[in-house]
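Trainee: Here is a sequence together with a model predicted from it:
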Amino acid sequence: MNVRMQILDTDYVIIEDRPVVRIFGKDEDNRTVCGFVKGYFPYFYILAKDGKTSDVENFVSAKPAVMKQERVMKRFPRGFSAVPIEMLKVTLRNPQKVSELRELLKTHPAVGEIFEADILFKYRFMADHMVSGMGWLEADGSDVNTHTVKTNRTFNITKLGPFESPKNAQMKYLSVDIETLSKSGALPNPQEDEIIIVSVAFHPEHHNQRSVVLTTRGAETGSVIRCLDETQMLEKLRGIIDDYDPDIVTGFNINNFDMPFILKRMEILRVPRTIGRCNEKTAYTKEIMKNRVRSTIPGRVVADSYQLIKKNFSFKRYGLTDVSRILLKQEKHDVAHSEISKLWNSGDREKILRLIEYARKDAELALDLVTEKKLLDKYLELSKLSGVLLQDSLDGGEAGRVENILLREFNKRNYVVPCKPDTGEIRKKEKEKEDRGLKGGFVLTPKVGLHTDGLVVVLDFRSMYPSIFRSYNICPTTIVTGNTDADTTKTPAGYTFVTKTVQEGIIPNILGNLLEERVKTKRAMRQETDEEKLRVLDAKQLALKLLSNSFYGYTGYTKAKLYILDIANAITSCGRYLIQSVNQTVEQKFGYQPIYGDTDSIMIKIPETDLDKGWELGAKIAEKINGELSGVMQMEFEKIFKSFLILTKKRYAAWKFVKENGHWKDRIEMKGIETVRRDWCELVSDTMNRTIDIILKKGDTKEALNYFNGIMKELIENKIPIEKLVITKNVSKSPTSYVGLQPHIELVKKLQKRNSQDAPGVGDRVGYVIIKGNQLLSKRTEDPEYVKEKRLEIDPVYYVENQLLPPIERIFIALGFTKSELLGKGRQASLLEMMRVKPAQSNVFDGFVCASCSNVYASAPLTGLCQCGGRIQIKTPTGAAEKISIGN
DNA sequence: GCTACTCGGGG
DNA sequence: GTGTACGAGTAGC
């Protein structure tokens, strides 16, 4: 019998003291399949110290877990060597015994080094059979009946190998969301708090339904299932999961909340936790480091939409409310969590229904995020390319993917791969890294300010670090540390590698393939019109780029199996050399000035204002440079800046122009200038964006200054909508346990006095504004709604000094303005006058000073107190400190 | 300017 | 499950 399937998950079980590998996946007809493979065993390699192989052999042969040992010729992975050396290959009966034997061997005096003794059994298996996570396999085998797994088909595999197919089996997604009540008032705890509602959403639909809600209260309807109690509800949940049989289980923050909560409740209520495709192995969650949980459901993939969004989008906040609004243009139902218990205990059908629909919507949103935003596409491609399972693509980092590729490619060439360093070794490597250092890219000192006289041509090295690997044949297997007769090349910084003709490096070879594949993929994209296929191709080229860029970082990562500082340093030093020689070429051959550049890019100012002519000139410069570059190094010319505002290294804004099929497209490009920050109110972002826009597009700094002064004026005249002034902060602990005065906490206390019911609690976000008054700043926080209602006045001084000024100042300073020019001294009503420091006198503001210890502050601490506990006063140039009273 | 510590999401 | 494992942002020197 012949089977083709796409691999979703793999694991192994021990049957009759022997491992059986299980491969879960879907076949070409979209049926779920599980294939079993017997007769495959774990193994690893030992390099004995000089001539002591037989000592190791004697030690190993006495171990009952050992099935077989043999002397083999393998190539050592670090440093160039022309020939393989003798190693001991040890095969064990049981994967679980490997780590034990490995640790034993580590302390044995005859053992030099151990290789490949920390590779997960499933990955050892997959590598040896050349199959990948989300890749297709083709297998011979025969059907078998078993009650151990739940898949449509089960069979014993006798032979298997990779199968090339661009298709993807259709995935079934299920998302879960639970509602709970908290007895303590803090976050619910599964030990004591029960689940009241479980909502589940499906994609595609399940029995013509998009979602169902399980509840222990309220009326049963078509898509609301009324349960007797929590136990029955969880049993039903298990039934629904089994019945729908999803490939992907998702939910919003499911890894850190819903999944562990559900599984704990199942355990307490003795509901079987076999919600995977195996009848024996249960789902479990494991805490990996503080606040990081990983969920495992055998045969399925858990994809947390919160984690995916956090990794792939840059937002100010990542709550389901904000994320759904931005990404889906959908609104979450509005139920404050303090309201949940009220609705639940109201005994009112309508109110309970509101809660039920709220829960339903949450599950649907979590699902829509994954399916509509296609969050899994990139990870699917990363799995296919690197070989790791989809689950590990989602949870794991770059190192795991790189290592999986390295294992396969090293083994292919008869090399062995080292084990991961243990904590002691990692510490040693960290120390080495600290002592010897890893220097990064070269950053050209910028010509600070606004550039509008002429165009700025921007050139980038194409895949700089991967290209350096290839151009200099840089690899752990080609680096030469001592003497050698072989042909070598020296990098500009003096690192030596054998030439490609002696032996091609493995990493350069991998990168060559990845980059070539990316070129092919991009080419295919240009011809593709089908949107679905285009999306897959785009995900693939993105994955290829991500992967090829991971190798440099990997070699400098102290926890890597192949951490080699010399290689990381060889790469960056080449990069610095190359970019600087390009700078020279530009200056010497063209007489133009590079005004800025970072690592792999340079920005050249040309005396030309016409875009088309600038484009021609840019192309000419690029051509000249590329003519002088060797190896596979190449620079790309893709964009022109019509204006360029650079504040410091790594902080700039530019009016970018790119030519897209004959037409110019423009955009503001910003690097390192944050316009959004969680502790800034919206007014700051708006003002910054507008200011930068005026500067770049009009080239008129005076107008920008006028604009800023206008905003200040509006602020003083109380004309700014209060929504734009709200600052939000988190209540991280009980308000009573804060030692100092915190503005947002003071507001919480106020709100508690007014209405203890609706006051924010621990974990809530509090939005506040600062109002005028004689009290300390932190006492002048107020609820925006209350301010509107009572028509209170906001404090303009605070907003200028603490919100607007710090970021805006940086921009104007770079343009050559002084702080007093900024504040409109000598023009209209100066801000300083508005402050009216008591007693009214012409007092120049010069910061703040502590009355006790004389510590000086640029802005007053919000607590109103110095670190030493002393009172803060206004500092004047005469040295006389006025008693603080900002904003009367 | 740097490094050390915190906190995110969820009810 | 042969698995030790985040990352931005902010406070604190």
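Mentor: Good, I have the coordinates.
Trainee: Could you tell me which residues of chain A lie near DNA strand B?
Mentor: Residues of chain A lying close to DNA strand B by C-beta under 7 Å from any atom of the strand are A:177-182, A:185-188, A:252-253, A:256-257, A:290-292, A:306, A:310, A:317-321, A:337, A:340, A:362, A:648, A:730, A:732-733, A:761, A:763-764. Placement of C-beta: from N, CA and C, glycine included.
Trainee: Please pull up the helix or strand immediately following the helix or strand A:Glu100 falls within.
Mentor: According to DSSP states H and E, A:Glu100 maps onto helix A:98-106. Once the chain leaves helix A:98-106, the next helix or strand it forms, by DSSP H and E, is strand A:111-115.
Trainee: from the residues of chain A next to DNA strand B, which ones fall inside strands?
Mentor: Among the residues of chain A next to DNA strand B, the residues falling in strands (DSSP state E) are A:177-180, A:648, A:730.
Trainee: Which of those residues has the largest number of neighbours?
Mentor: A:Asp177 (29 neighbours; other C-beta atoms under 10 Å).
Trainee: How about the contacts made by the residue in the stretch 501-650 of chain A that DNA strand C sits nearest to?
Mentor: When scored by C-beta to the nearest atom of the strand, the stretch 501-650 of chain A has A:Lys559 as its residue closest to DNA strand C, at 4.3 Å. By C-beta atoms under 8 Å, 6 or more residues apart in numbering, the contact set of A:Lys559 is A:399, A:420-421, A:426.
Trainee: let's see 10 Å
Mentor: A:399, A:420-421, A:423, A:425-426, A:429-430 (C-beta atoms under 10 Å, 6 or more residues apart in numbering).
Trainee: what's the answer for A:Lys412, then?
Mentor: By C-beta under 10 Å, 6+ apart, the contact set of A:Lys412 is A:127, A:130, A:506, A:509.
Trainee: A:Phe41 too?
Mentor: Contacts of A:Phe41 (C-beta under 10 Å, 6+ apart): A:18-19, A:67-68, A:91-95, A:121, A:124-125.
Trainee: picking that back up, just the buried residues out of the residues of chain A next to DNA strand B, in ChimeraX syntax.
Mentor: Here is the ChimeraX selection string for the buried members of the residues of chain A next to DNA strand B, based on 16 or more other C-beta atoms under 10 Å:
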select /A:177,178,179,180,188,252,253,256,257,306,320,340,362,764
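Trainee: hmm, which of the contacts of A:Phe41 are the buried ones?
Mentor: Buried subset of those (neighbour count, 16+ other C-beta under 10 Å): A:19, A:92-95, A:121, A:124-125.
Trainee: which of those residues lies closest to A:Gly482?
Mentor: When the buried ones among the contacts of A:Phe41 are ranked by distance to A:Gly482 (C-beta to C-beta), A:Arg124 comes first, at 33.0 Å.
Trainee: for that closest one, phi and psi?
Mentor: Note on A:Arg124: its backbone torsions stand at phi -60, psi -40 [degrees, to the nearest 10].
Trainee: Just put the buried ones among the contacts of A:Phe41 in a markdown table and tack on pLDDT, secondary structure and distance to DNA strand C.
Mentor: What follows is these, written out as a markdown table (pLDDT from 0 to 100; DSSP: H, G, I helix; E, B strand; the rest coil; distance: C-beta to the nearest atom of the strand, whole Å):
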| residue | pLDDT | secondary structure | distance to DNA strand C |
| --- | --- | --- | --- |
| A:Pro19 | 96 | strand | 8 |
| A:Leu92 | 97 | strand | 8 |
| A:Arg93 | 95 | coil | 11 |
| A:Asn94 | 95 | coil | 9 |
| A:Pro95 | 96 | helix | 4 |
| A:Phe121 | 97 | helix | 3 |
| A:Arg124 | 97 | helix | 4 |
| A:Phe125 | 98 | helix | 8 |
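Trainee: and the residue nearest the centre of chain A, what does it touch?
Mentor: Residue closest to the mean C-alpha point of chain A, counted by C-alpha atoms, centre = their mean, is A:Lys311 at 3.4 Å. Applying C-beta under 10 Å, 6+ apart, we find A:Lys311 in contact with A:375, A:378-379, A:394.
Trainee: still on that earlier bit, taking the contacts of A:Lys412 one by one, which sit in helices?
Mentor: In this view, these that belong to helices under DSSP state H are A:127, A:506, A:509.
Trainee: distance of the last one from A:Ala568?
Mentor: Translated: A:Asn509. 19 Å (C-beta to C-beta, to the nearest Å).
Trainee: packing partners for the helix or strand A:Leu234 falls within?
Mentor: Per DSSP H and E, A:Leu234 falls inside helix A:230-244. In terms of contacts (3 or more C-beta pairs under 10 Å, 6 or more residues apart in numbering; DSSP states H and E), helix A:230-244 is packed against strand A:173-180, strand A:195-206, strand A:209-215, strand A:224-226, helix A:259-268.
Trainee: starting at the chain centroid, how far to the longest one?
Mentor: Taking C-alpha atoms, centre = their mean, to the nearest Å, one finds the center of strand A:195-206 at 28 Å from the center of the full chain.
Trainee: Please tabulate the helices and strands packed on helix A:230-244 in TSV and include mean pLDDT as additional columns.
Mentor: As requested, the helices and strands packed on helix A:230-244 are arranged in TSV below (pLDDT from 0 to 100):
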stretch	mean pLDDT
strand A:173-180	97
strand A:195-206	97
strand A:209-215	97
strand A:224-226	97
helix A:259-268	96
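Trainee: A:Gln588 is nearest to which of these?
Mentor: Among the helices and strands packed on helix A:230-244, strand A:173-180 comes nearest to A:Gln588, with 58.8 Å by C-beta to C-beta.
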